[in-house]
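Trainee: this one's structure only:
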């Protein structure tokens, strides 16, 4: 087998450029004017991003080898699964701010661009810390186990913008309009530029993404410590899930046991990190365990919902 092609700056730049090229028609052509995203369209976009991710994995198989291809697929699935809870948070943010359905796609689109920057910085910092201080890996593992236990026992609470320190700081630094101005993030108020509530919703979405990235990115470090694989799998997962948001958001409330499954994933990958010095868990086995946990939690959720519906009909 030929030697793997080394990852250079140009691979990073090329990947980001290709993502931006794919995103440009989404907002500039298909969503030039604000409109509600239908479920069928959302599924088509999700299928497109999934197909591109699989093609990318195939490219890694050819140029970097099957091991990194499998690491990418596993990281992609882990990130996609853990980001499901982010969908709930985004839905709560939109409800709290009263964001019209036709404007939600615009917020998510610009949120993706922010995620490109913030997640790239977080992954770079994490990789540098692990490379310099190996014990950081064990610290992240302990953090994931703690977070998994917390996820397992916590309940989803309503978003309270008035208590968010980021929004309080934004309101002190910039004038904010009390009314929406279509799909604009900036408007005019008393002769000066001001943020609209839509801009605050975007700020909340970006804040939520950072919070969830603190949980999900360390989980992918349990699969691989290669920054390029972690970054690309993260971005593809975010793109696919945010396209699927318009289908999933309305139905995710029925997946009662999904959060327990996600908590199990965090505990598993955290344990894998802590045991990495003594036990090597194959990437394929990690993927199988994570997939089994998510599948089981969703199956239990569907079964519970079905029984609840039948019980309601009998009554």
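Mentor: Cool, got the structure. This structure is a prediction, so every number in the text was calculated from the model and none was measured.
Trainee: going forward, measure contacts between C-alpha atoms and count neighbours the same way
Mentor: Noted.
Trainee: where's residue 187, which helix or strand?
Mentor: Using DSSP states H and E, residue 187 sits within strand 186-189.
Trainee: Give the buried residues for that strand.
Mentor: Neighbour-count burial for strand 186-189, counted by 16 or more other CA atoms under 10 Å, picks out 186-187.
Trainee: helices and strands around that strand, which ones?
Mentor: Applying 3 or more CA pairs under 8 Å, 6 or more residues apart in numbering; DSSP states H and E, one finds that strand 186-189 contacts strand 192-195.
Trainee: which secondary structure elements does the strand it packs on contact?
Mentor: strand 186-189.
Trainee: just how off-centre is the strand it packs on within its chain?
Mentor: Remark: strand 186-189 is offset 31 Å from the chain centroid, using CA atoms, centre = their mean, to the nearest Å.
Trainee: rewinding a little: partners of the strand holding residue 187, with directions?
Mentor: strand 192-195 (antiparallel) (DSSP bridges).
Trainee: mean confidence score for the strand holding residue 187?
Mentor: Averaging pLDDT along strand 186-189 gives 86.
Trainee: contacting residues around it?
Mentor: 177, 181, 193-196, 199 (CA atoms under 8 Å, 6 or more residues apart in numbering).
Trainee: again, only using 7 Å
Mentor: Contacting residues not belonging to strand 186-189 are listed as 177, 181, 193-196 [CA atoms under 7 Å, 6 or more residues apart in numbering].
Trainee: now do stretch 134-141
Mentor: Surrounding stretch 134-141, the residues in contact under the criterion CA under 7 Å, 6+ apart are 129-130, 218, 270-271, 273-274.
Trainee: Phi and psi next, for the closest residue to residue 101 other than its chain neighbours.
Mentor: Counting by CA to CA, 6 or more residues apart in numbering, the nearest residue to residue 101 once its immediate chain neighbours are dropped is residue 36, at 5.5 Å. Backbone torsions of residue 36, given as degrees, to the nearest 10, read phi -80, psi 130.
Trainee: quick one: residue 36 and residue 106 touch, right?
Mentor: No: the criterion here is CA atoms under 7 Å, and residue 36 misses it with residue 106 at 10.4 Å.
Trainee: who has more neighbours, those two?
Mentor: A side-by-side neighbour count of residue 36 and residue 106, using other CA atoms under 10 Å, places residue 106 first with 22 against 13.
Trainee: And the host helix or strand of that one, what's buried?
Mentor: For residue 106, the host element (DSSP H and E) is helix 101-132. Going by neighbour count (16+ other CA under 10 Å), the buried part of helix 101-132 is 103-109, 111-112, 114-116, 118-120, 122-124, 126-127, 130.
Trainee: partner residues bridging residue 192?
Mentor: With DSSP bridges as the rule, residue 192 is bridged to residue 189.
Trainee: That one and residue 175, how far apart?
Mentor: Using CA to CA, to the nearest Å, residue 192 is found at 8 Å from residue 175.
Trainee: Those two: which has the busier surroundings?
Mentor: Applying other CA under 10 Å to residue 192 and residue 175 shows that residue 175 carries more neighbours, namely 16 against 8.
Trainee: Just list the residues touching the closest residue to that one other than its chain neighbours, thanks.
Mentor: Closest residue in space to residue 175, ignoring its immediate chain neighbours: residue 194 at 4.9 Å, by CA to CA, 6+ apart. Contact analysis of residue 194 by CA under 7 Å, 6+ apart lists 174-177, 186-188.
Trainee: for the residues you listed, which one is nearest residue 242?
Mentor: residue 186 (23.6 Å; CA to CA).
Trainee: now the closest one: how far from residue 176?
Mentor: For residue 186, the distance to residue 176 - CA to CA - is 9 Å.
Trainee: which neighbours do these two share?
Mentor: In contact with both residue 186 and residue 176: 194-196, using CA under 7 Å, 6+ apart.
Trainee: Near residue 69, how many other residues are there?
Mentor: 21.
Trainee: Name the helix or strand for it, please.
Mentor: helix 66-82.
Trainee: repeat for residue 22
Mentor: helix 9-25.
Trainee: From the chain's centroid, how far away is whichever helix or strand comes after that helix?
Mentor: Remark: after helix 9-25, the chain's next helix or strand is helix 39-63, criterion DSSP H and E. Distance, stretch centre to chain centre, for helix 39-63: 16 Å (CA atoms, centre = their mean).
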